[in-house]
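# the following block contains a protein sequence and its predicted model.
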Amino acid sequence: MKFVIQRVTRGCVRVEGQVVGQIGKGLMILVGLNPHDTEEYLDHVIDKFLNIRLFDDAKGSRWKESVKSLGLEILLVSQFTLYHILKGNKPDFHGAMEGDKAKELFDKIVAKTREKYDEKKVQTGKFGEYMFIDMECDGPVTIEWEYPTQNVIESNNQKKNNKSKENKKGESKKDGNEPKKDNQKKGKKENNKKEQKGKGKKGEEKKEEDKKETEKKEDNKKEDKKEEDKKEADKKEEEKNDN
């Protein structure tokens, strides 16, 4: 956005001989828009219009008062020719925002200025029409101002890039954690299976050992019984021989 801000004692805009906007003492502001301008800039630029100190105070001290502090008026006029380059002696205006978008954004500038200040004290021309401007420049005081500056643009781009990198980093981290969690779950399941399998194997081994132990005990009992039967037989044989 480019602005030419002029301190005036009066300002008037006519279209086809008819007055479409006029003010007394205040600021005449020409507004130029380029394709990169957006609504996010409006609060800052309008606060600048209202608070820029271009007027004397009651004691005659310079650069002390603003439109807002003195309750003065503002005349806003769209001016696409502020975005020009000279090709030889011919101006080129390809750097200006295209008509429909520029009208929409300019109308929002006017509406928001009225909203922030006083509707009756904010006047405008007629967008896209051939206008005649009559004003009395006070001083003269003329301020050229552009927003955002290149530094602001670079800073905003850097913030957007940083935010984009953080988002990508967050997504990568998230994506990286999901397989890890899946692997952890998979590993846990496999461990559980191994553990169950191990428990089952141990159980079978224990059963086999118990079975062998039982068979061993049975065999021992049989051996003991044979031994007892042999002793009994020997005893009977001795008794028989004695007789």
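That came through, no problem.
# can you tell me how far the residue nearest the centre of the chain is from residue 169?
Closest to where the C-alpha atoms of the chain average out (Cα atoms, centre = their mean) is residue 163, at 6.5 Å. In this view, residue 163 and residue 169 are 11 Å apart by Cβ to Cβ, to the nearest Å. C-betas here are computed from N, CA, C, even on glycine.
# got it, and residue 239?
Counting by Cβ to Cβ - residue 239 and residue 169 are separated by 103 Å.
# and if you look at residue 113?
Taken as Cβ to Cβ, the span from residue 113 to residue 169 is 41 Å.
# for the protein, which segments count as helices?
42-51, 67-70, 99-116, 150-242 (DSSP state H).
# buried residues in the shortest one?
Spelled out, that is helix 67-70. For helix 67-70, a neighbour-count test (16 or more other Cβ atoms under 10 Å) marks 67, 68 as buried.
# by contact count, what packs against that helix?
Applying 3 or more Cβ pairs under 8 Å, 6 or more residues apart in numbering; DSSP states H and E, we find helix 67-70 packed against helix 42-51.
# state the mean pLDDT of the helix it packs on.
Mean pLDDT, helix 42-51: 96.
# before we move on, what about stretch 143-151?
86.
# residues in contact with that stretch: which ones?
Identification of contacts with stretch 143-151 by Cβ atoms under 8 Å, 6 or more residues apart in numbering yields 1-6, 41, 44-45, 48, 52, 54, 156.
# of the residues you listed, buried ones?
1, 2, 3, 4, 5, 6, 41, 45, 52, 54.
# shaky segments in the chain?
Along the chain, the parts satisfying pLDDT under 70 run over 150-157, 160, 170-189, 191-203, 241-243.
# domains of it?
Domain assignment of the chain by automatic domain parsing yields the ranges 2-148, 154-197.
# just send these back as JSON lines, with distance to residue 210 too.
JSON lines is the format used below for the domains of the chain (distance: least, Cβ to Cβ, whole Å):
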{"stretch": "domain 2-148", "distance to residue 210": "82"}
{"stretch": "domain 154-197", "distance to residue 210": "20"}
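# which one of the buried ones among the contacts of stretch 143-151 is nearest residue 227?
residue 41 (111.8 Å; Cβ to Cβ).
# which residues touch the closest one?
1, 147, 148.
# from residue 48, how far off is it?
Residue 41 is 10 Å from residue 48, by Cβ to Cβ.
# can you check residue 144 too?
Distance from residue 144 to residue 48, by Cβ to Cβ: 13 Å.
# check residue 116 too.
On the measure of Cβ to Cβ, residue 116 and residue 48 end up 11 Å apart.
# and what of residue 57?
20 Å.
# picking up where we left off before, from the domains of the chain, which stretch is densest packed?
domain 2-148 (a mean of 16; mean count of other Cβ atoms under 10 Å).
# could you tell me the end-to-end distance of it?
9 Å (Cα to Cα, to the nearest Å).
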